[in-house]
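[1] Would you be able to build a 3D model of this:
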Amino acid sequence: MNRTIERVIVGVALLLLVSVAAFTASKNGVIVSDNGRTVMVKARAQQATATDQSDANLVKIYDNLGAAYPKGIYWCCEGATISGPNSPGNVEWWDGVAFTPSANHVVTKIKLALGYLGGTNEVIVSVNNDANGIPGTAIKTWKVKNLVAGGTCCTVAVITDQSGIAVTSGVQYWITVNTNADDKDAFLFWNVNDTDQIDPAPSAARCYSTGGQCRQNNGKWVAVQQTPGLALAVLGQ
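    The predicted structure follows:
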């Protein structure tokens, strides 16, 4: 399947927020866009098997994973950068995806298509309130470790929460993936989905750097509409 190095971003032109001199890397099958926002990796010969597909008793609150295709749940080899400030390029990238429940539910499971590239193998995942179209305060946060190597398919990172998080019909929420002080050198990416190549998905990105690469939006969440969207599922009762 042919893919462009840059995902099409509709709406806010996030590519203008970062200097084109941010960094460009091509090493060990990893290609990073000039602004550091997008990663492409070479598919690995050793593929990881799909995991945790038994969700028959859960409601799909938001889901763009290709569950019917265990060898193609998401696109293995392209996604949005998740990185700490000491990662290649010295730019911290966080990403978020918005979802709006069609009924009142309780979120008990989150599945994310994340790939590890280097540094500390962990990220911080949270469910956030909305703040005028961007991620707001975190409702609940988890640390996720030992993520599968980037370029493999199709293991997902799974978060389960028995107590659950109540979400309200018609209210927008966010799933965010970021780094913290424990993983400043983390270098990972969030794979794009394989189920919808047409409709833009409400998303947000946050860029932070002490070197000026992020310009006027340094350290701020910026809303974007991106195609294809990042791959995940939000499940519950």
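[2] what's V148 in contact with, if anything?
    Contacts for V148 (Cβ atoms under 8 Å, 6 or more residues apart in numbering) come out as A48, L114, G115, Y116, T155, A157. Where C-beta positions appear, they are placed from N, C-alpha and C, glycine not excepted.
[3] Give me the most central residue, this protein.
    The centroid of the chain falls nearest to W190 when counting by Cα atoms, centre = their mean (3.7 Å).
[4] Quick check: bridge partners of that one?
    For W190, the beta-bridge partners under DSSP bridges are A80, L114.
[5] low pLDDT regions in the chain?
    Along the chain, the model assigns pLDDT under 70 to residues 1-28, 34, 45-54.
[6] what's the residue lying farthest from the centre of it in contact with, if anything?
    In terms of distance from the mean C-alpha position of the chain, N57 ranks first, at 25.3 Å (Cα atoms, centre = their mean). By Cβ under 8 Å, 6+ apart, the contact list for N57 is empty.
[7] do K42 as well
    Here K42 is in contact with G29, V30, C77, G151 (Cβ under 8 Å, 6+ apart).
[8] Which ones among these map onto strands?
    Using DSSP state E, V30 are the members of the contacts of K42 that sit in strands.
[9] Which one (most neighbours) among the contacts of K42?
    For those, counting by other Cβ atoms under 10 Å, the largest number of neighbours falls to G151: 26 neighbours.
[10] Could you verify my assumption that Y173 touches H105?
    No - assessed by Cβ atoms under 8 Å, Y173 is found out of contact with H105, at 10.5 Å.
[11] what touches both of these two?
    What both Y173 and H105 touch, as defined by Cβ under 8 Å, 6+ apart, is the set V167.
[12] okay, now P135: neighbour count?
    P135: 25 neighbours (other Cβ under 10 Å).
[13] and it, backbone torsions?
    phi -60, psi 130 (degrees, to the nearest 10).
[14] Identify the bridge partners of it.
    Taking DSSP bridges, one obtains D130 as the residues bridged to P135.
[15] Please name the spatially closest residue to I159 (chain neighbours excluded).
    I110 (4.4 Å; Cβ to Cβ, 6 or more residues apart in numbering).
[16] quick one: what helix or strand has the residue farthest from the centre of the chain in it?
    Assessed by DSSP states H and E, N57 sits outside every helix and strand.
[17] So it versus K109, what's the distance?
    In this view, N57 and K109 are 11 Å apart by Cβ to Cβ, to the nearest Å.
[18] Identify the contacts common to these two.
    Common neighbours of N57 and K109 (Cβ under 8 Å, 6+ apart) do not exist.
[19] got a list of what the residue nearest to the centre of the chain touches?
    Contacts of W190 (Cβ under 8 Å, 6+ apart): G79, A80, I82, D95, L112, A113, L114, G115, V177, L230, A231.
[20] now the last one: how far from K111?
    Pointing back at A231 there. 9 Å.
[21] shared neighbours of those two, anything?
    L65.
[22] picking that back up, for the contacts of V148, pick the one with the most neighbours.
    When neighbours are taken as other Cβ under 10 Å, the top entry among these is G115 (27 neighbours).
[23] on that earlier part again, most widely separated two among the contacts of K42?
    Maximum pairwise distance in the contacts of K42, criterion Cβ to Cβ, is 10.0 Å, between V30 and C77.
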